[in-house]
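Engineer: Mind folding the following:
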Amino acid sequence: MSQTTTERIGLIRHFPVQHPLPRGWKTAVDLHRWRALYDASPAIPERLELGSQSWTACLCSDLARAVTTAQAAFSGSLEVTPLLREPELAEFQTGNLRLPVWVWRWVLRLAWLTGHRSQRAGRDEFKGRVQRVADLVVSRGGSVLVVSHAGMMAYLSVELKRRGYEGPKLRIPRPARLYVFEWRQPR
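Structural biologist: Here you go, the predicted model:
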């Protein structure tokens with residue numbers, strides 16, 4: 001193993017948030033407003049199960065819920081960065097069209113995956129950030145803890161596996177739970 005490759009990377013999703021998930025029929029504007037309230041909402045601290053592993057560094061998203069979680073998980077100084085935020089989803093220009101929230105989730109997911117022009121710039125910017133975060137974390141050495149958000153964690157876990165780390169498959173990580181990725185020695 002190279003001295004510049006991190007041996008172990010721990011990913012933690014922030015604590016749950018006080019602002020509830022949206023329900024019912026909403027417009028695209030309603031969802032955009034909800035996201036702003038969610039991002040500003042305080043975290044609900046929970047017990048963190050970190051096992052006996054020690055961490056040499058901790059990077060966390062600059063949003064308050066991630067910082068609160070990182071402070072509970074790591075006793076040293078934190079490296080706070082906006083690189084670890086969720087992707088910025090562009091608001092659909094649909095006027096007063098109301099759809100059930102679950103339909104909006106599928107519409108957004110489909111627009112994201114297909115590279116729809118409404119989401120393409122945000123998607124490409126986010127994928128670039130995932131690459132930069134992986135470069136940053138992998139180059140640290142030692143054992144690095146990363147406190148972030150569900151979407152970033154899902155994409156970052158795929159990138160870490162592509163780079164030779166072993167760890168769990170993450171779709172929607174649970175809040176306040178540690179997911180460990182370890183460097184796999186080349187054979």
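Engineer: got the buried residues for the lengthiest helix in the chain?
Structural biologist: With secondary structure taken from DSSP state H, the chain has its longest helix at helix 120-138. Neighbour-count burial for helix 120-138 flags 123, 126, 129-130, 133-134, 136-138 (criterion: 16 or more other Cβ atoms under 10 Å). No exception for glycine: its C-beta is placed from N, CA and C like everyone else's.
Engineer: Any chance of a markdown table for these, columns distance to residue 116?
Structural biologist: Shown next, in a markdown table, are those (distance: Cβ to Cβ, whole Å):
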| residue | distance to residue 116 |
| --- | --- |
| 123 | 9 |
| 126 | 14 |
| 129 | 19 |
| 130 | 19 |
| 133 | 24 |
| 134 | 25 |
| 136 | 29 |
| 137 | 30 |
| 138 | 31 |
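Engineer: just to revisit the earlier point, can you name every helix or strand that the longest helix of the chain contacts?
Structural biologist: Applying 3 or more Cβ pairs under 8 Å, 6 or more residues apart in numbering; DSSP states H and E, one finds that helix 120-138 contacts strand 57-61, strand 143-148, helix 150-162.
Engineer: if we go to 10 Å?
Structural biologist: strand 8-13, strand 57-61, strand 79-81, helix 101-114, strand 143-148, helix 150-162, strand 165-166 (3 or more Cβ pairs under 10 Å, 6 or more residues apart in numbering; DSSP states H and E).
Engineer: okay, those, which one's buried deepest?
Structural biologist: Of all the helices and strands packed on helix 120-138, strand 143-148 carries the top mean neighbour count, a mean of 25, counting by mean count of other Cβ atoms under 10 Å.
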